[in-house]
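Peer 1: pasting the structure only:
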């Protein structure tokens, strides 16, 4: 039974790191800290998993940005093609 409360102050970077690690393991930050206190949160395999999950999230973010850029370029090209058709139709 959990009966004790612990307040911990961390830097913004430490908070981001804890949040990323917890998200990668699909647990809350509190659960991550509990597991760590019990010796379960810091294994090599979990650290590797956290690092891989962070890389995957970054790659997905970059992929979404690339798709948005490609769509923007495709829309620009379509506008140019339509404008050219309109000019030929008027001429």
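Peer 2: Done, it's in. From a predicted model like this one, the values you see are computed outputs, not experimental measurements.
Peer 1: might you list the low-confidence residue ranges for the protein?
Peer 2: 40-42 (pLDDT under 70).
Peer 1: center of it, which residue is that?
Peer 2: Centroid-nearest residue in the chain, with Cα atoms, centre = their mean: residue 57, separated by 3.8 Å.
Peer 1: ok, it - contacts?
Peer 2: By Cβ atoms under 8 Å, 6 or more residues apart in numbering, residue 57 lies in contact with residue 20. For glycine as for every other residue, the C-beta is placed from the backbone atoms N, C-alpha and C.
Peer 1: tell me which helix or strand residue 31 sits in.
Peer 2: Taking DSSP states H and E as the criterion, the element that holds residue 31 is helix 29-37.
Peer 1: what is that helix packed up against?
Peer 2: When contacts are defined as 3 or more Cβ pairs under 8 Å, 6 or more residues apart in numbering; DSSP states H and E, helix 29-37 packs onto helix 12-25.
Peer 1: and the helix holding residue 31, what's buried?
Peer 2: For helix 29-37, a neighbour-count test (16 or more other Cβ atoms under 10 Å) marks 29, 32, 33, 35 as buried.
Peer 1: which helix is the longest one in the chain?
Peer 2: helix 44-90 (DSSP state H).
Peer 1: how distant is that helix from the center of its chain?
Peer 2: 16 Å (Cα atoms, centre = their mean, to the nearest Å).
Peer 1: now the angle from it to helix 12-25?
Peer 2: Interaxial angle, helix 44-90 versus helix 12-25 (axes from the mean of the first three to the mean of the last three Cα atoms, to 10 degrees): 90 degrees.
Peer 1: which one in this structure is furthest away from the centre?
Peer 2: Most remote from the centre of the chain, using Cα atoms, centre = their mean: residue 91, at 51.1 Å.
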